[in-house]
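In: pasted the sequence and its predicted model underneath.
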Amino acid sequence: MEQKDKNPSALHEKPGITPPEMISTTSVGVIQRFRKIQPSAKELVEGILAENITALSRAITLVESTSSTHLAKANEVITACLPHANKSVRIGITGVPGVGKSTFIEAFGKYLTSLGKKVAVLAVDPSSTISHGSILGDKTRMEELVKDKNAFIRPSASGETLGGVARKTRETITLCEAAGFDIIIIETVGVGQSETAVHSMVDFFLLLKISGAGDELQGIKRGIMEMADAIVINKADGDNIKRANLAKLEFNRALHLFPAKKSGWTPTTAACSAITQEGISEVWTTIEKFLSLTKSNAYFFEKRKEQNQYWMLETINEQLKTNFFSNPEIQKSLTSTKKAVQNDEISPFAAAQKLLETYFKKK
């Protein structure tokens, strides 16, 4: 007598069908090989100079890579692009979250492309080092500009220190300039040290503000105002026009209290609406006046030379810091040394000296 299964199931395995022979037995291999092919540094440079956006994007990804194996190739691409760079206007835009940076940049970018300019929008976003995702330069926030054939939007690299993100943004500027972009806009979140980093890589630094958010002058750091070449009060539309013009006057008075700039430029204030486009063209007119003045007195060119030196030293600092903390001996003793400092068993300075001696002893 046939025994019944103690655990009956309605699931039964049926014989499968025999797969047909492939039309091409080599097609999968060809596709796989194609995917693995990486363009050479020379091919990337040729693509960038031909204004090929795919080549530009791949080169930026290469520059953003944290792999040491990509460093030599990235440097080769950047060096080859240098003779074709330095022909754009670099504009830094900062402002606290909620000030309408993305809306302003889209309106401003569209205005510039209507003049026949090619515009690249980059981002220095320190928040990406925490969340490992960029919030600035998000293409979904600039729906019209992203569709413009004369515009290119690149979010911030993630998973990096602010110094690393900023340095790679600086290198990306070189690539974008070689690709024929006339205007490079660098956007920053307006918190922490990101403004200083952006100020050190742009020609013109614009501070975006809104009115009606409390005491305008109390809510702004002195250092940012000193860096600004212009303050623009955004969202000057509807019922907010009167308040925006009042804020403009307040900032104008405040700017006159700061020492004169080395550039010879007197910072200006303006009100605009990214929604109605009112005042957008005036912002570009202000930048053109700034460029005319600083190029005639040679400040524009001297500042760029100083910025190049600054980024060389910053890169050395960043690399030394990376090498120090990735050293196996330092990693072995860092936790216990930090604990000793916290418990006042050793001073922070003596602890630092001890770690440095360990590092250099092992070199």
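Out: Received, thanks.
In: the stretch 101-250 of the chain: strands as residue ranges?
Out: Per DSSP state E, counting those that start in this stretch, the stretch 101-250 of the chain carries strands over the ranges 119-124, 151-153, 183-188, 204-210, 230-234.
In: mind checking which of the ones you listed is nearest E282?
Out: Closest to E282 of the strands of the stretch 101-250 of the chain is strand 230-234 (CB to CB; 9.1 Å). Using the backbone N, CA and C atoms, a C-beta is placed for each residue, glycine as well.
In: who does that closest one pair up with?
Out: Using DSSP bridges, the strands paired with strand 230-234 are strand 204-210 (parallel), strand 268-271 (parallel).
In: what pLDDT, on average, does it get?
Out: Average pLDDT, strand 230-234: 93.
In: who's in contact with it?
Out: 95, 99-100, 103-104, 204, 206-211, 225, 244-245, 247-248, 251, 255, 267-274, 279, 283, 286-287, 290 (CB atoms under 8 Å, 6 or more residues apart in numbering).
In: just the buried subset of the residues you listed, written out for ChimeraX, thanks.
Out: Selection of buried members from the contacts of strand 230-234 for ChimeraX, criterion 16 or more other CB atoms under 10 Å:
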select :95,99,100,103,104,204,206,207,208,209,210,211,225,244,247,248,251,255,267,268,269,270,271,272,273,274,279,283,286,287,290
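In: against G264, how distant is E302?
Out: Going from E302 to G264 by CB to CB, to the nearest Å gives 12 Å.
In: low-confidence ranges, the stretch 251-363 of the chain, go.
Out: Residue ranges of the stretch 251-363 of the chain with pLDDT under 70: 362-363.
In: please enumerate the helices of it.
Out: For the stretch 251-363 of the chain, the helices defined by DSSP state H, counting those that start in this stretch cover 280-296, 299-326, 328-342, 348-361.
In: quick check: which of the ones you listed is nearest to S40?
Out: Smallest distance to S40 across the helices of the stretch 251-363 of the chain (CB to CB): 24.3 Å, for helix 299-326.
In: buried ones in the closest one?
Out: Neighbour-count burial for helix 299-326, counted by 16+ other CB under 10 Å, picks out Y299, F300, K303, Q307, W311, E314, E318.
In: export the strands of the stretch 101-250 of the chain as JSON lines, with columns for distance to K73.
Out: Formatted as JSON lines, the strands of the stretch 101-250 of the chain follow (distance: least, CB to CB, whole Å):
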{"stretch": "strand 119-124", "distance to K73": "21"}
{"stretch": "strand 151-153", "distance to K73": "22"}
{"stretch": "strand 183-188", "distance to K73": "23"}
{"stretch": "strand 204-210", "distance to K73": "32"}
{"stretch": "strand 230-234", "distance to K73": "39"}
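In: kind regards, and thank you for your time.
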